[in-house]
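In: I'll drop the sequence and a predicted model, then ask my questions.
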Amino acid sequence: MPAKPHLPRLRCALLAALIATAAPSPAVRAGEPAAQVAPEGADLTRLFFVTDRAPTGRTEASRRFGSCWGEVSFGTCEVRVPPRSRRGEKSLRPFRTPGRPSGKVRLLVVTPLSSDSFYAAIGARAAAHDSTGALVFVHGFNVPFATAARFAAQLACDLEFPGPVVLYSWPSTPSYLADEESIEWTRPHLEAALADLRRATGAPVNVLTYSIGASAVVGVIRAAADTIVTRGTLLGELVFVAPDVESRLLARELEGAARAARRVTLYASTRDRALRASRQVHQHRRAGEAGRGLLLLPGLDTIDASPIRADIMGHGYLEELAVDLHALLVDHLPPEHRAGLIRIERGDAGYWKLRRQR
């Protein structure tokens, strides 16, 4: 008689299938400040990166780093990002995998830098834009380095962030369980990178994290809160989009975020099927789920993103938030001053809801 399938393994396999997010011009000179917006018509964006993926030994930009754990390395990426009007694919948008950029966004060059050259370039970029601080993007599950770089560059262009934009790319894999262990590996590296970026720019670091990448950031919050007295505020805007983190654990860690960050924002959705699958695997509600259990806390700007367009799984809606994220990360506007948000009262608490898109 055939053996019965092992239920936990089946659940993990289902979760991985549902939320899977994956895979030349001259190089930039070492130490050269990276410009986020290329001259008009050039479509070129230079992006900073920090990664603790192990190098593969390959020279092709798309294969420079793999999914194995490694030491921390730094550099820049040169990415061709056409304007949104020329990217097309509108009819295919719902079927794209979450966390993946348009197919017309191309990674051209990856240039390694020493840590000194990297932070010097970061400082120069920030100084050129009146010390706006850096924006760090932390990607989600099963995203190869090249895909993460393309997506981060696309976000940088869509958000029109004026200061340095930094991709923090951790060694994600196609295995959800392996990625949870990779998060543990990357947390001290991310914490050190954020502290070094704070010193290089002279301003709090803005962090935008997506899906399971939020787990790495959550591990940094407590340490950041503990050092606030001696080092000053580490984080500026701290933004969680569709966080695949247990809701109560995030709530507990955010108690210290008021000392570690200027403002914390959460985007959640009732349509996120990937997080529903994660809830089935973990047996606990995820912080990125909206609805009756929507996470509401003092000092947390909670935004229900259910009305906006997303991919077929309801998990890939980050790029649809560009307008609101620009108002938040560039203009630093509170939710009551941002167009497109409606205030919803719920008992003694309340939250915001994005207007339905046409």
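Out: That came in fine, so what should we check first?
In: quick check: mean pLDDT across the lengthiest strand in the chain?
Out: Criterion DSSP state E: the longest strand present in the chain is strand 65-80. Over the span of strand 65-80, the pLDDT mean works out to 97.
In: Can you tell me which helices and strands it packs against?
Out: strand 44-55, strand 106-113, helix 115-128, helix 145-159, helix 176-201 (3 or more CB pairs under 8 Å, 6 or more residues apart in numbering; DSSP states H and E). C-betas here are computed from N, CA, C, even on glycine.
In: closest to Arg338 out of these?
Out: helix 145-159 (13.8 Å; CB to CB).
In: chain center to the helix or strand following the closest one: distance?
Out: Using DSSP states H and E, the helix or strand that follows helix 145-159 towards the C-terminus is strand 165-169. Between the centre of strand 165-169 and the centre of its chain there are 8 Å (CA atoms, centre = their mean, to the nearest Å).
In: cool, and stretch 121-128?
Out: Counting by CA atoms, centre = their mean, stretch 121-128 comes out at 21 Å from the chain centroid.
In: And stretch 210-225, by the same measure?
Out: How far stretch 210-225 lies from its chain's middle: 11 Å, per CA atoms, centre = their mean.
In: Only C-alpha atoms, please: export it in PDB.
Out: Provided in PDB are the C-alpha atoms of stretch 210-225 (Å, rounded to 0.1, in the frame of the first residue of the first chain):
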ATOM      1  CA  TYR A 210       8.900  43.100   0.700                       C
ATOM      2  CA  SER A 211       7.400  39.700   1.700                       C
ATOM      3  CA  ILE A 212       9.800  37.400   3.600                       C
ATOM      4  CA  GLY A 213      12.500  40.000   3.400                       C
ATOM      5  CA  ALA A 214      10.700  41.700   6.300                       C
ATOM      6  CA  SER A 215      12.000  38.900   8.600                       C
ATOM      7  CA  ALA A 216      15.600  40.200   8.100                       C
ATOM      8  CA  VAL A 217      14.500  43.800   8.900                       C
ATOM      9  CA  VAL A 218      12.500  42.700  12.000                       C
ATOM     10  CA  GLY A 219      15.700  41.200  13.400                       C
ATOM     11  CA  VAL A 220      17.400  44.500  13.100                       C
ATOM     12  CA  ILE A 221      14.700  46.600  14.800                       C
ATOM     13  CA  ARG A 222      15.500  45.500  18.400                       C
ATOM     14  CA  ALA A 223      19.200  46.100  18.000                       C
ATOM     15  CA  ALA A 224      18.600  49.500  16.400                       C
ATOM     16  CA  ALA A 225      16.300  50.500  19.300                       C
END
